[in-house]
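# Sharing a sequence plus its predicted fold:
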Amino acid sequence: MAVFKGAGVAIVTPMKENLDVNYDKLEELIDDQVKGGTDAIIITGTTGEASTMTEEEHLDVIRACVQFTKHRIPVIAGTGSNCTKTAVYLSQEAEKAGADGLLVVTPYYNKATQKGLISHYTQIAQAVKTPVIMYNVPGRTGCNLLPETAAYLFHNVENIVGIKEATGNITQASKTMDLTDGKIDMYSGEDAVILPLLAIGALGVISVWSNVAPKDVHDLCQSFFDGDLETSRRLQRKGLALIDALFSEVSPIPVKKAMDLMGMEVGPLRAPLCEMSEEGAKKLAEVMRAYGLLS
């Protein structure tokens with residue numbers, strides 16, 4: 001059984017002005033997402049600024065998320081690293097914390113060969129019992145998990161169950177689905193192509209867009225599952241300009257700005273991320289008004 005089906009939010013990590021994690025705000029955001037229809041919380045991912053957290057902070061945020069979510073919807077913890085040993089440790093601790101699934105990004109910077117990726121993911125998955133979702137985002141990592149490699153891992157490692165597909169390459173995604181007989185749990189990692197990936201058999205999305213419009217993203221997925229393609233198409237088209245604005249600068253810079261414009265007060269970003277440019281923020285606000293998120 002899949003860890004989740006539908007719209008998972010790649011939730012931001014709210015910060016206080018001193019850059020400590022704002023746990024009270026995190027609990028509030030999780031409650032709002034559950035009420036908005038989100039189907040899963042993905043914590044400590046790219047959008048959650050995990051790369052600027054200490055290991056202790058990283059795990060504290062996962063533990064807090066599990067506690068705040070209260071088993072209402074699944075929690076998937078980002079536990080990837082460019083160091084296999086670190087990824088194993090984070091994954092084991094996230095499992096102890098009660099995470100329902102693990103999202104493990106491919107190694108970044110040092111990268112890996114396809115043989116190295118098989119070893120990396122196998123070691124992580126065999127160190128835990130929790131389902132593992134591989135995360136392929138070569139635009140950020142410089143490392144592409146090829147369909148043949150993803151399929152090998154899916155077929156040969158019992159608890160590797162899914163993939164977050166963020167290559168933007170529908171052909172590659174289709175090949176991954178074909179090589180796994182359509183059985184791998186695929187999630188779109190690109191908000192602009194949720195519907196195309198659903199059409200080839202994906203189960204949903206791990207979404208930045210959901211931070212500001214959870215109901216729309218949930219409804220896009222659910223309408224597809226219900227056979228209401230017209231609604232699904234309409235919602236995908238509705239989101240395109242907003243999605244473009246949410247990725248107009250390095251994520252999560254724009255989405256945190258958008259949430260602040262909506263009064264959510266999610267706080268600053270940790271360096272090397274910086275505040276959105278004045279021009280970019282102005283354009284973002286215009287798109288949000290057209291979408292209906294701002295008056």
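Yep, that arrived.
# what's the closest non-adjacent residue to residue 277?
residue 249 (6.9 Å; CB to CB, 6 or more residues apart in numbering). Yep, even glycine has a C-beta here, placed from its N, CA and C like the rest.
# contacting residues for residue 194?
188, 202, 204-205, 207, 217, 220-221, 236 (CB atoms under 8 Å, 6 or more residues apart in numbering).
# Apart from its neighbours in sequence, what residue is nearest residue 285?
Closest to residue 285 by CB to CB, 6+ apart is residue 261, at 5.9 Å.
# ok, now which ones touch that neighbour?
281, 284-285, 288, 293-294.
# again, 7 Å this time
By CB atoms under 7 Å, 6 or more residues apart in numbering, the contact list for residue 261 reads 285, 288, 294.
# out of the residues you listed, who's nearest residue 19?
Closest approach between the contacts of residue 261 and residue 19, by CB to CB: residue 285, at 24.7 Å.
# Tell me which residues of whichever strand or helix holds that closest one come out buried.
In this assignment (DSSP states H and E), residue 285 forms part of helix 278-291. Applying a neighbour-count criterion of 16 or more other CB atoms under 10 Å, one finds 280-281, 283-285, 287-288, 291 buried in helix 278-291.
# Just put those residues in JSON lines and tack on pLDDT and distance to residue 88.
JSON lines is the format used below for the buried residues of helix 278-291 (pLDDT from 0 to 100; distance: CB to CB, whole Å):
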{"residue": "280", "pLDDT": "97", "distance to residue 88": "38"}
{"residue": "281", "pLDDT": "98", "distance to residue 88": "40"}
{"residue": "283", "pLDDT": "98", "distance to residue 88": "42"}
{"residue": "284", "pLDDT": "98", "distance to residue 88": "39"}
{"residue": "285", "pLDDT": "98", "distance to residue 88": "43"}
{"residue": "287", "pLDDT": "98", "distance to residue 88": "41"}
{"residue": "288", "pLDDT": "98", "distance to residue 88": "41"}
{"residue": "291", "pLDDT": "98", "distance to residue 88": "41"}
